[in-house]
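>>> Please work out how this folds:
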Amino acid sequence: MMKVAVLGATGRTGGLVVEQALKRGHRVVAYVRRAGALRASEGLEIVVGELSDSERLQSAISDVDAVICCLGTHRRKPVDLMQTNLPLIVEAMKRTGRTRLILLSAYGVGEMARTASLAARIIYKTVVGSVFRDKERSEVGLPKSGLDWTGVYPVMLTDGPLIEAVEVRSTDGVKKVKGLPKVSRANVAKVLLDAAEDSRTIRQKLLVTSKGSVR
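The predicted structure follows:
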């Protein structure tokens, strides 16, 4: 059993991480901006605060085994959500001696886009271009952060159920991802938790995609 902090716990993926973590018997600290954003549950501690409140954030994560970051935005105008907040999270972890970070990102961010199909690359540059650039810029410092991080990079997300037909592999070995594959948020939540439980994923970037779409 672990104790994990979930940032972005009220989002569609973050909420599933909380739900699945509790089902696995883990204790969960959900750091949220609004009281009442989550229902109380056994094993769940809800802490209300902003990521910019360093003392509050440090207190919330001070004794967790892992921090799972599910922050995200769907806005198409220029955004700096991750560039602003990921450094705050990293600093809070350093100050509290927490080292295990599981970061939800997206397939197509940064150099990863070169393995995508032409149609996917067009979407990454246009429809979600500002969001992906924000993610890319925020992640540059992770390798030198001193944290035991794992990045999780799913393809297009759906609200479907957990299924078996999903592939998870290190992005280092990916040559091509065909078409415009999709994967459910439920499966991504599972991968985030699996990574938190498995030290072999430290310093890895994990692609999450539908089975048969990657080579």
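
>>> Just the pLDDT for R76.
Reported pLDDT at R76 in the predicted model: 64.

>>> Output the contacting helices and strands for the helix or strand hosting V18.
Using DSSP states H and E, V18 sits within helix 12-23. Using 3 or more CB pairs under 8 Å, 6 or more residues apart in numbering; DSSP states H and E, the elements in contact with helix 12-23 are strand 3-7, strand 27-32, helix 185-197. All C-beta spots, glycine's among them, are computed from the backbone N, C-alpha and C.

>>> Tell me which strands the first one pairs with, and in which orientation.
So that's strand 3-7. Sheet pairing of strand 3-7 (DSSP bridges) gives strand 27-32 (parallel), strand 66-69 (parallel).

>>> most neighbours per residue, which of the ones you listed?
Comparing the strands paired with strand 3-7 by mean neighbour count (mean count of other CB atoms under 10 Å), strand 66-69 ranks first with a mean of 26.

>>> next SSE after that one?
Following strand 66-69 in sequence, per DSSP H and E, is helix 81-96.

>>> low-confidence ranges in the protein?
Along the chain, the model assigns pLDDT under 70 to residues 75-77.

>>> could you redo the last one with a cut-off of 80?
74-78 (pLDDT under 80).

>>> and the residue of it positioned farthest from its centre, what is it in contact with?
Distance to the chain centre peaks in the chain at L118, reaching 25.1 Å (criterion: CA atoms, centre = their mean). Contacts for L118 (CB atoms under 8 Å, 6 or more residues apart in numbering) come out as none.

>>> what do you get for V168?
Contacts of V168 (CB under 8 Å, 6+ apart): V191, D194, L206, L207, V208.

>>> Now which of these would you call buried?
Neighbour counting with 16 or more other CB atoms under 10 Å marks V191, D194, L206, L207, V208 as buried within the contacts of V168.
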